[in-house]
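K.L.:
give me a model of this one.
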Amino acid sequence: MKLAYRPEIDGLRAIAVLSVVLYHAGIGHAGFVGVDVFFVISGYLISRLLLDERTATGRIDFAAFYARRVRRIIPASVLVILATLGLCAAFLSQEQQANAATSAGAALTFVANVFFQFHSGGYFDGRSSEMPLLHLWSLSVEEQFYLLWPAIILLAPRRWLRPVLAELAVISLLLAEWWISRESSAAFFEMPARFWELAAGGLIAASAFTAPRWLLPAGIVLTFAASAMPLPHFPGIGALPAVLGASAIIAAVHGGQTNRLLASRPMVGVGLISYSLYLWHWPLLAILRASSVGDNPITVKLAVCGVALLLAIATYRYVEQPFRRMRFAPRKTVLAAAVLCLTLCACAIGLRPDPPPSMTPDRRCHSRVDEPAVPKCEAKGARVGVWGDSLAYAWSPSFPVSFSRDSCPPYLGDLPNDKPTGVRCRDFNALALEQAKQLDTVYLVGYWRGDVSALRPTLDALSGVPHVVIIGSTPEMKDDAPRCVELFIDCGITRTQFEATAQPILAQFRAMARTRPNVSVFDPTDYFCAPTQCPPALKGVTLYWDGHHPTVRAVTAALPPQ
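P.N.:
Reported below is the predicted structural model:
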């Protein structure tokens, strides 16, 4: 079963992939919606194939369908994954290599979206931009979708197919919005929250209509606009313009319209290699970022994208096309692909380099900001504890009990500057305060910046605790400390630079302590800085597990276990 070729679809692919590549290179503000455009295209094309097959034969050959998917995606993706792991071995630290190998195993078994949901700070987090296989989350979403989609099309009665698809799409969009309201990264990474975008293409494929002439140019304008202007509530309502723009173009083409721009040779040419270009561009950019200190000039990033373009052309010519032309028994094709992916997954994980000893404490006593506002480690006889945000978690090896929660410094009431996490931190800190009052000594730690007068109510509330110690700021590196140490990169700062921000804060703390007999201040500067420099490592000890959270060895050297 083969669809009639429409060059406009490849032209739309070109818009999608160029939006993504340019965004990742640092040009534009919303090019990431190109992935949403790809989802609509994929949902349309695959649904057309399945619906045509069901109409012609009354059935769907699942083995043949998945064999087509294997020939389409596996050869190029396996090549890029293996090449990426080789580049990681050459340019990245041991810990980064181990993480990349694990993510490769997830990508080869099409659960990369789930892996990155729980092993990154989110797609838009700065550190995620250095994960070489992060972009394969979208491929996993598609393949998870296609485990369900053929069965839905086959089992749904024909007269109910469009209503069923529409209802599922609405439920998916509402789920995405609900996850967004919960500040959950599942809205971005999980297939159920992306289902509606692929289903939009499926709805077009299942419909027969004549589109007005203005629909196609309007769709092009809307797609370009969506790629230029980011919207909130993404990928829920914020993804609607991109999905609607792509859907308008596809609906017009589905109805027989043509377009010179989309069907032009340059656009079609880029569209044809779009899959390989998508696969190649991100690992090269991510490895460039991960092996550099600071941001790279736009010219360098565009040059890397140029290399990705050349690799994409070669991959399309010598890998994609030959494998698509191959014809083996469908079941054998699917089985061979499954065996290959599982074998490579086992090799990637089994042969990954051992990461260095853990630099981070046990997380059992630490709360992420999206978890219930309940301190996990109660006092229960302990006399000394630490309370604060993720920096308190970093300092927790020095204390028998800790109350720590991401992004929640030990302030009472809502956070200063009305941060989105303010209410959740207020509830958590109110509970932590009651636990802290049971202790003899409470250490307070936070990501202190600027005006810290919001700490005064906390100190007043702890007036009945015999000893309250405020731990001062620790330096923040220019880059990831373990990587800097392993790659011999100087990413530290001068002591003068650090003290320019740290000393005014310490002065505020000491002023608070002067009027409160039970309060003292601990300045960790001498433990993290040499006389003139604040480096990523001192005396052979890496001081931070990332850019500013102290390692277990660093905090226990500065404050031996209490």
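
K.L.:
how close does residue 253 sit to residue 8?
P.N.:
With the distance defined as C-beta to C-beta, to the nearest Å, residue 253 ends up 5 Å from residue 8. Backbone N, C-alpha and C define where each C-beta goes, glycine included.

K.L.:
find the residues that touch each one of those two.
P.N.:
Between them, residue 253 and residue 8 share these contacting residues under C-beta atoms under 8 Å, 6 or more residues apart in numbering: 216, 259.

K.L.:
surely residue 532 meets residue 492?
P.N.:
No - the criterion here is C-beta atoms under 8 Å, and residue 532 misses it with residue 492 at 10.4 Å.

K.L.:
between these two, which is the more surrounded one?
P.N.:
Taking neighbours as other C-beta atoms under 10 Å, residue 532 and residue 492 compare with residue 492 leading, 24 against 8.

K.L.:
helices or strands up against the helix or strand that contains residue 179?
P.N.:
Secondary structure here is read from DSSP states H and E; on that basis residue 179 sits in helix 161-181. Judged by 3 or more C-beta pairs under 8 Å, 6 or more residues apart in numbering; DSSP states H and E, the packing partners of helix 161-181 are helix 137-155, helix 186-189, helix 191-205.

K.L.:
least confident of those helices, on average?
P.N.:
Across these, helix 186-189 has the smallest mean pLDDT, namely a mean of 89.

K.L.:
now find how far off-centre it is within its chain.
P.N.:
Distance, stretch centre to chain centre, for helix 186-189: 9 Å (C-alpha atoms, centre = their mean, to the nearest Å).

K.L.:
for residue 535, which non-adjacent residue is spatially closest?
P.N.:
residue 492 (3.9 Å; C-beta to C-beta, 6 or more residues apart in numbering).

K.L.:
verify the stated contact: the one you found with residue 528.
P.N.:
No - counting by C-beta under 8 Å, residue 528 is not a contact partner of residue 492; they are 9.9 Å apart.

K.L.:
common neighbours of the two, please.
P.N.:
Going by C-beta under 8 Å, 6+ apart, residues that sit against residue 492 and also against residue 528 are 475, 534.

K.L.:
longest helix of the protein?
P.N.:
Longest helix in the chain by number of residues, with DSSP state H as the criterion: helix 62-91.

K.L.:
which is the next helix or strand following that helix?
P.N.:
Immediately after helix 62-91, counting by DSSP H and E, sits helix 94-108.

K.L.:
ranges for the helices of the stretch 401-550 of the chain?
P.N.:
Applying DSSP state H, counting those that start in this stretch to the stretch 401-550 of the chain gives helices spanning 422-436, 456-461, 481-486, 495-514, 525-528.

K.L.:
and residue 536, how many neighbours does it have?
P.N.:
A count of neighbours around residue 536, defined by other C-beta under 10 Å, yields 24.

K.L.:
which residues touch the residue nearest to residue 535?
P.N.:
475, 477-478, 484, 533-536.

K.L.:
now with 10 Å, please.
P.N.:
Residue 492 sits next to 475, 477-479, 481, 484, 498, 528-530, 533-538, 543 when contact means C-beta atoms under 10 Å, 6 or more residues apart in numbering.

K.L.:
which residues touch stretch 452-459?
P.N.:
So stretch 452-459 is contacted by 387, 409-417, 429, 432-433, 436, 442, 444, 446, 448, 465, 468, 470, 473, 504-506, 508-509, 511-513, 515-516, 518-519 (C-beta under 10 Å, 6+ apart).

K.L.:
one more time with 7 Å, if that's ok
P.N.:
Here stretch 452-459 makes contact (C-beta atoms under 7 Å, 6 or more residues apart in numbering) with 410-413, 416, 444, 468, 505, 508-509, 512, 516, 519.

K.L.:
ditto for stretch 550-562
P.N.:
359-361, 384, 394-395, 397-400, 474, 524, 527, 541-545.

K.L.:
in ChimeraX, how would I select the buried members of the contacts of stretch 452-459?
P.N.:
Entered in ChimeraX, the line below selects the buried ones among the contacts of stretch 452-459, by 16 or more other C-beta atoms under 10 Å:
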select :410,411,412,444,468,505,508,509,512,519
